[in-house]
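> what follows is a protein structure lacking sequence information:
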């Protein structure tokens, strides 16, 4: 007979938890160092991660880890107002216990404990959309994935990128390298400031960026230095670069790009101090040029339909295409207002700015 119990995770549980999670996802991602897990859990500007463990005991034996649910606080703003949302993080139930434990009841209990701590909870994992829908999450918001070849013809660059992924021991990687070495026809004359994580954290550009940008960004993840450092700059990823630009009229923009694989960049976050499509178009073209000059063959980006004003979304739609692989389409995020959030947001979700900054751990 199997008995279950649930409890809050404590510091003494962290090594076993991180090892168990790494083993569970080892075929999908590289192992996460313990110090990275602890940074996520304890150093976030929105506060520590709330974590609950599921433990199982078989036939009177020792209690062992069977599952976990976590909520990671993420700071948001809407004009002068400040909010704290929570992203589900490292939620799992080990395969041998699925069908034996009432997981939905457990997650509902966890949510009840934070109804007055957070304004909303959300997840970007589409594989659990039916489960989250069953416990009151809004699952109607589509995730829009975009991609663009960085060398002309763009469609050939995108196809060659896929051939490189699928056939790493074929001539495709060499062809990608040769393609990237071709002379680039620049789209823009903007000269971007390129910063590594340490330089970005001390840059005057970001000292007051969000003070200016939050006034016109609607409901959006906060992008003060503390938020960006925790999410991006302090993470051990040498292939991540922050690109920034200031126009003569005082408007500014930044984009964080990550070379997640050979020849492939992702735009992990992008923000402007004003919702001006003319400036966005100039800046996006400059980002594409920078990535192409640094070995990029293709770039990807994720947002949602209501994340951007329509005129801004049209820029991404003109400058990028939907993924050729259909499995990257029809993805949805799940989100849920807490009791505190319903009171503060009048019971309805306003348009919310979404990029990959909302993904964590």
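Okay, I see it. This one's a predicted model, so the numbers in the text were calculated from it and none came from an experiment.
> please enumerate the helices of the stretch 251-361 of the chain.
Here the stretch 251-361 of the chain has its helices, by DSSP state H, counting those that start in this stretch, at 277-293, 310-319, 339-344.
> now the second one: buried residues?
Meaning helix 310-319. By 16 or more other Cβ atoms under 10 Å, the buried positions in helix 310-319 come out as 312-313, 315-316, 319. Placement of C-beta: from N, CA and C, glycine included.
> average pLDDT for that helix?
The average pLDDT for helix 310-319 rounds to 96.
> also the longest one?
Mean pLDDT, taken over the full extent of helix 277-293, equals 96.
> now swap in stretch 219-232 and tell me
Here the average pLDDT along stretch 219-232 is 97.
> distance between the ends of that stretch?
20 Å (Cα to Cα, to the nearest Å).
> distance between it and the chain's centre?
On the basis of Cα atoms, centre = their mean, to the nearest Å, stretch 219-232 sits 12 Å off its chain's mean C-alpha point.
> what sits up against it?
39, 43-45, 74-78, 82-83, 197, 200-201, 206-207, 209-210, 213-214, 240, 242, 256, 268-269, 271, 350-353, 355, 357-358, 360 (Cβ atoms under 8 Å, 6 or more residues apart in numbering).
> buried subset of those residues?
Applying 16+ other Cβ under 10 Å to the contacts of stretch 219-232, the neighbour count classes 39, 44-45, 74-78, 83, 197, 200-201, 206, 209-210, 213-214, 240, 242, 256, 268-269, 271, 352-353, 355, 357-358, 360 as buried.
> which SSE is residue 163 in?
Using DSSP states H and E, residue 163 sits in helix 154-166.
> next SSE downstream of that helix?
Next along the chain after helix 154-166, taking DSSP H and E as the criterion, comes helix 172-180.
> and whatever helix or strand comes next after that following helix, what does it pack onto?
Counting by DSSP H and E, the next helix or strand C-terminal to helix 172-180 is strand 193-195. Counting contacts by 3 or more Cβ pairs under 8 Å, 6 or more residues apart in numbering; DSSP states H and E, strand 193-195 packs against strand 240-246.
> now do the domain split for this protein, please.
Segmentation of the chain into domains, based on automatic domain parsing, reads 2-142, 144-329.
> can you give me how far the first one is from the chain middle?
With Cα atoms, centre = their mean as the basis, domain 2-142 stands 16 Å off its chain's centre.
> how far off centre is the helix holding residue 163?
Distance of helix 154-166 from the chain centroid (Cα atoms, centre = their mean) equals 24 Å.
> show me where the stretch 251-361 of the chain has its strands.
Here the stretch 251-361 of the chain has its strands, by DSSP state E, counting those that start in this stretch, at 252-261, 264-272, 298-303, 331-337.
> who's in contact with residue 266?
The contact partners of residue 266, by Cβ under 8 Å, 6+ apart, come to 257-258, 260, 299-301, 356.
> same thing but 7 Å
For residue 266, the contact set (Cβ atoms under 7 Å, 6 or more residues apart in numbering) comprises 257-258, 260, 299-300, 356.
> mind putting those residues into CSV with neighbour count, pLDDT and distance to residue 191?
Shown next, in CSV, are the contacts of residue 266 (neighbours: other Cβ atoms under 10 Å; pLDDT from 0 to 100; distance: Cβ to Cβ, whole Å):
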residue, neighbour count, pLDDT, distance to residue 191
257, 25, 98, 16
258, 19, 97, 21
260, 13, 94, 25
299, 25, 98, 19
300, 20, 97, 24
356, 20, 94, 25
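> how about these, which pair is most distant?
The distance between the two most remote of those (Cβ to Cβ) is 12.4 Å, for 299 and 356.
> pLDDT weak spots in the stretch 1-150 of the chain?
Within the stretch 1-150 of the chain, the set of residues satisfying pLDDT under 70 is empty.
> just the strands in it please.
Going by DSSP E, counting those that start in this stretch, the stretch 1-150 of the chain shows strands at 2-8, 50-58, 64-78, 81-88, 92-93, 120-123, 138-149.
> looking at those, which is buried most?
Neighbour counts (mean count of other Cβ atoms under 10 Å) averaged over each of the strands of the stretch 1-150 of the chain peak at strand 120-123, with a mean of 24.
> that strand pairs with which strands, parallel or anti?
Counting by DSSP bridges, the strands paired with strand 120-123 are strand 81-88 (parallel), strand 331-337 (antiparallel).
> can I get the ones you listed in CSV including distance to residue 227?
Shown next, in CSV, are the strands paired with strand 120-123 (distance: least, Cβ to Cβ, whole Å):
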stretch, distance to residue 227
strand 81-88, 12
strand 331-337, 19
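> to residue 67, which of those strands lies closest?
strand 81-88 (12.9 Å).
> and the contacts of that closest one?
By Cβ under 7 Å, 6+ apart, strand 81-88 touches 46, 70-76, 114, 118-123, 358, 360.
> between that strand and strand 50-58, how many degrees?
Strand 81-88 runs at 20 degrees relative to strand 50-58, counting by axes from the mean of the first three to the mean of the last three Cα atoms, to 10 degrees.
> one step back: residue 141: which of the strands paired with strand 120-123 is closest?
Closest to residue 141 of these is strand 331-337 (Cβ to Cβ; 5.1 Å).
> from the chain's centroid, how far away is the closest one?
Centroid displacement of strand 331-337 relative to its chain, using Cα atoms, centre = their mean, is 13 Å.
> ok, residues contacting that strand?
Contacts to strand 331-337, defined as Cβ under 7 Å, 6+ apart, come from residues 120-124, 126, 129, 132, 136-139, 141-143, 145, 304, 345, 349.
> now residue 33: closest residue in space, sequence neighbours ignored.
Closest residue to residue 33 apart from its sequence neighbours, by Cβ to Cβ, 6 or more residues apart in numbering: residue 236 at 7.5 Å.
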